[in-house]
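Compute the structure for the input listed below.
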Amino acid sequence: MDWNAVGLLRKHSKGLAKTLGNYVRENHPARTYEFKKCNRDLQFLIQAISSSIQANNTAPIDHLIRVFYRGDRLQLKTIDVELEVYDMLEKNILELFDENNIPQESKNMVSVCIDVMKTGLQNGPIHINSDWAERRNYKKYDPDIVIPYNMQEHIETSLQNAPMQTSGKAKFSIIKLLPSDVEIKEFITKNYFWNNETGFYEVAVITAPIVYLFMPDSYDGAELFDMDGWAWFTKYFHMGIHGGAVLDYVISQGYNFSFIGCTTEPGNSTIDKKWKKLLLNRFNYKTNPEHPWPIMALCIGKGIDNTNSPADKYVTESGDVLPYIAMSPKWAQRKHNIIFY
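I've put the predicted structure just below:
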């Protein structure tokens, strides 16, 4: 990520857009009567290019292209002027970068973004590479990849301020696990995040550098843990809202994201007692007496592709061997979200 390039583009976005807007007004006066809107759209494009440099992918451009389409129909009558102006924008940005000694990698991303934008307008967004379309459900992450601090702040602001009903049924706590919390992460994976039908463990909880653990509110009564009741559904519903609030941001920044549900509730007093002690010592957090175990985990980091050897084993620091699947097969990512228009 080149913050100098990102900051430079955002600083000069208004000036770059105004220069090109004036060019359109003088050379293509019949193209539009809404020149303020033209300048605004150009600033959106420059913002998307800066976000692409920040994320090191073209997802922001992909999203912008879709604004020009309704379904599969382009909303512009012609695109000749747009293509001409985009070439000029690329030239102007590269000149600005040359004047400020911006590295070649960021210059290359500008050219890629302009090319993607032009291709998208000509062929439609379905032809554009999308990180969402290529998203995989990773079960193992690279623990050495560090999540930038400003990105963590953005995620946590979203988690703290996501919409939530005032009903007491919706309450839950979020505990942030860091790479240093190996003991806690290995303990909950071994005892809570495993599938007793397949025998596989969710090692994403161990290997992801940042994990947000959803816990029942400490003061919830037993009546809120009826698995067939509305109160329990309400908790899951709001956890989904919170996870969704950060999912798109994480993907757009070039990182991977996994929802991991707690797959077993052992009800073993020895395990539960140790779990309570771990949380009390680390966070001074008292678990709910009726439901001390976690409900869900949000895992964020860089997933590891392991299609050649999808099944493997993880050995904990205490010597326990945990079989796991590195990533879900592509066919398992069901696409039931069909859009009708």
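
where does the stretch 1-150 of the chain have low pLDDT?
The model of the stretch 1-150 of the chain has pLDDT under 70 over residues 1, 32-35, 71-72, 125-134.

Okay, helices next: where are they in it?
Assigned by DSSP state H, counting those that start in this stretch, the stretch 1-150 of the chain shows helices spanning 3-27, 35-55, 59-67, 80-99, 104-123, 149-161.

need those helices in JSON lines with distance to residue 272 and mean neighbour count, can you?
Any C-beta I mention is one placed from the backbone N, CA and C, and that applies to glycine too. Shown next, in JSON lines, are these (distance: least, C-beta to C-beta, whole Å; neighbours: other C-beta atoms under 10 Å):
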{"stretch": "helix 3-27", "distance to residue 272": "46", "mean neighbour count": "16"}
{"stretch": "helix 35-55", "distance to residue 272": "41", "mean neighbour count": "20"}
{"stretch": "helix 59-67", "distance to residue 272": "42", "mean neighbour count": "20"}
{"stretch": "helix 80-99", "distance to residue 272": "57", "mean neighbour count": "16"}
{"stretch": "helix 104-123", "distance to residue 272": "50", "mean neighbour count": "18"}
{"stretch": "helix 149-161", "distance to residue 272": "26", "mean neighbour count": "14"}
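
Dump those helices to JSON lines, plus distance to residue 326.
Converted to JSON lines, the helices of the stretch 1-150 of the chain look like this (distance: least, C-beta to C-beta, whole Å):
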{"stretch": "helix 3-27", "distance to residue 326": "33"}
{"stretch": "helix 35-55", "distance to residue 326": "24"}
{"stretch": "helix 59-67", "distance to residue 326": "24"}
{"stretch": "helix 80-99", "distance to residue 326": "39"}
{"stretch": "helix 104-123", "distance to residue 326": "29"}
{"stretch": "helix 149-161", "distance to residue 326": "24"}
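
Can you tell me which of those is nearest to residue 248?
Closest to residue 248 of the helices of the stretch 1-150 of the chain, according to C-beta to C-beta: helix 59-67, at 9.0 Å.

Extract the CA atoms of that closest one and return them as CSV.
In CSV, the C-alpha atoms belonging to helix 59-67 read as follows (Å, rounded to 0.1, in the frame of the first residue of the first chain):
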residue,chain,number,x,y,z
ALA,A,59,-12.7,-4.0,-6.4
PRO,A,60,-13.5,-0.3,-5.9
ILE,A,61,-13.5,0.2,-9.7
ASP,A,62,-15.7,-2.9,-10.2
HIS,A,63,-18.3,-1.4,-7.9
LEU,A,64,-18.2,2.0,-9.7
ILE,A,65,-18.8,0.4,-13.1
ARG,A,66,-22.0,-1.1,-11.9
VAL,A,67,-23.3,2.4,-11.1
